[in-house]
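Chemist: Give me coordinates for this.
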Amino acid sequence: MEASALDVVVFAPLAPIFGVILFWFIQLLFIESQKYLLSKIRSKHEPLCRFTNFLGILFQTICHALGYTVTKHGISDFYVNIHYGKVKPKKEKKGVFEWLANSFLFIGPFFIPASLLLICLFFLLENGFCIPTTVDYSFAGQMISFGQNLHSFSTNFFTFLLNINLLHPGHFGFLLLMIFLGMGIRPSYIGEKKRRKVDMLYDLTNIKNNILHKPLYILLLFLTAYLFFYISFWLHQNWYSALFSIFGWLSIIAIISLIITQLIILLIRVTDKIENRWSKLPYIIMPLTYVLMRIIFYFFPTNYSNSVSLFVMIFITIFITMYLLKPKTNKFKSKRQIKLFKKKKRGKDNEQ
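Modeler: Residues are numbered from 1 along each chain as shown. Here you go, the predicted structure:
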């Protein structure tokens with residue numbers, strides 16, 4: 001079924017844009033979830049929470065500096081600490097250059113740090129960046145093409161993560177970079193004396209104000225996107241969908257990084273409930289189990305040695321953690337039973 005002229009001219013270019021916005025909102029929700037988990041461990045792990053805030057401010061400040069560099073403002077001063085970050089340009093420019101620099105500050109942290117991981121994946125993934133050549137220029141066709149690009153990338157990315165070799169320096173370094181990105185994708189607060197909470201509404205308000213400040217520039221961006229779509233349509237290429245697919249890839253990388261770091265935060269929160277002398281045991285068990293499994297598979301090789309070692313490490317860590325939590329659970333139950341017994345006994349004495 002051929003697409004109508006109205007569909008191709010007006011609606012089709014919007015499909016990948018809507019797809020990117022959807023994944024970006026999912027990314028925002030995961031960021032909010034992580035901030036909630038960090039707030040639950042802040043009382044016992046204040047240094048870790050301060051470090052994550054520093055990473056968020058660092059990424060944000062670097063994005064702002066990159067915005068000044070791209071717009072040729074120049075950078076005269078770069079300052080960042082645990083509570084605050086600031087970049088001072090050499091030249092004060094107004095208009096579109098100022099608007100672009102602010103866009104890097106407000107939107108850049110959601111995509112630019114993840115681009116470092118995407119660059120690494122170019123060297124680590126095999127066939128992860130295949131773009132379909134068959135193109136349907138309708139709204140549905142562009143949405144399907146966008147989804148196919150994300151599905152192909154996600155499949156290869158997840159396969160890589162499930163078979164990651166933690167004894168490989170490149171793979172282990174990539175995992176550490178993912179954790180750093182997930183921990184510090186956004187700060188939790190800004191300001192040392194008067195802390196301004198950084199949440200989803202804070203980010204959306206800044207983006208809204210930047211858009212409403214110069215709505216003409218947003219219109220020009222849309223016109224540029226439409227023009228690029230028409231060029232791709234005229235040349236029968238899939239360039240337009242491929243371009244927005246890159247932003248989708250960045251969101252997927254950021255979301256997976258957030259999921260991994262949230263699992264780490266959950267482990268920290270759970271181990272805090274274990275007695276102090278045993279609370280570090282799950283963290284010791286993880287590397288020992290993984291190395292032991294890799295030694296076993298060295299003498300008994302198999303095609304799935306990396307993934308099996310990873311799953312065994314995760315399973316044993318969960319089992320040990322739950323086992324260490326059992327005495328506390330039993331203790332809680334026994335206290336509850338004692339209270340119920342005393343309550344019943346008190347009731348019988350009153351009856352007598």
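
Chemist: Going by C-alpha atoms from here, please, whenever you check contacts or count neighbours.
Modeler: Will do.

Chemist: Mind listing what's buried along the strand or helix carrying residue 283?
Modeler: Per DSSP states H and E: residue 283 is located in helix 281-299. By neighbour count on 16 or more other C-alpha atoms under 10 Å, the buried set for helix 281-299 is 281, 282, 285, 286, 289, 290, 291, 293, 294, 297.

Chemist: Export these as JSON lines, with columns for distance to residue 113 and pLDDT.
Modeler: Formatted as JSON lines, these follow (distance: C-alpha to C-alpha, whole Å; pLDDT from 0 to 100):
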{"residue": "281", "distance to residue 113": "33", "pLDDT": "91"}
{"residue": "282", "distance to residue 113": "30", "pLDDT": "92"}
{"residue": "285", "distance to residue 113": "31", "pLDDT": "93"}
{"residue": "286", "distance to residue 113": "28", "pLDDT": "94"}
{"residue": "289", "distance to residue 113": "32", "pLDDT": "95"}
{"residue": "290", "distance to residue 113": "29", "pLDDT": "95"}
{"residue": "291", "distance to residue 113": "31", "pLDDT": "95"}
{"residue": "293", "distance to residue 113": "33", "pLDDT": "95"}
{"residue": "294", "distance to residue 113": "32", "pLDDT": "94"}
{"residue": "297", "distance to residue 113": "36", "pLDDT": "93"}
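
Chemist: What is the nearest of the residues you listed to residue 78?
Modeler: Taking C-alpha to C-alpha as the measure, residue 78 lies nearest residue 286 of the buried residues of helix 281-299, at 39.4 Å.

Chemist: got the contact list for the closest one?
Modeler: Contacts for residue 286 (C-alpha atoms under 8 Å, 6 or more residues apart in numbering) come out as 313, 314, 316, 317.

Chemist: Could you save the buried residues of helix 281-299 as a markdown table and add columns showing distance to residue 77?
Modeler: Converted to a markdown table, the buried residues of helix 281-299 look like this (distance: C-alpha to C-alpha, whole Å):
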| residue | distance to residue 77 |
| --- | --- |
| 281 | 45 |
| 282 | 44 |
| 285 | 46 |
| 286 | 43 |
| 289 | 48 |
| 290 | 45 |
| 291 | 46 |
| 293 | 50 |
| 294 | 49 |
| 297 | 53 |
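
Chemist: and which of those residues is nearest residue 178?
Modeler: Distances from residue 178 to the buried residues of helix 281-299, taken by C-alpha to C-alpha, are shortest for residue 286, at 18.3 Å.

Chemist: Throw the contacts of residue 286 into CSV and include distance to residue 307, neighbour count and secondary structure, thanks.
Modeler: Shown next, in CSV, are those (distance: C-alpha to C-alpha, whole Å; neighbours: other C-alpha atoms under 10 Å; DSSP: H, G, I helix; E, B strand; the rest coil):
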residue, distance to residue 307, neighbour count, secondary structure
313, 10, 21, helix
314, 11, 16, helix
316, 14, 16, helix
317, 15, 21, helix
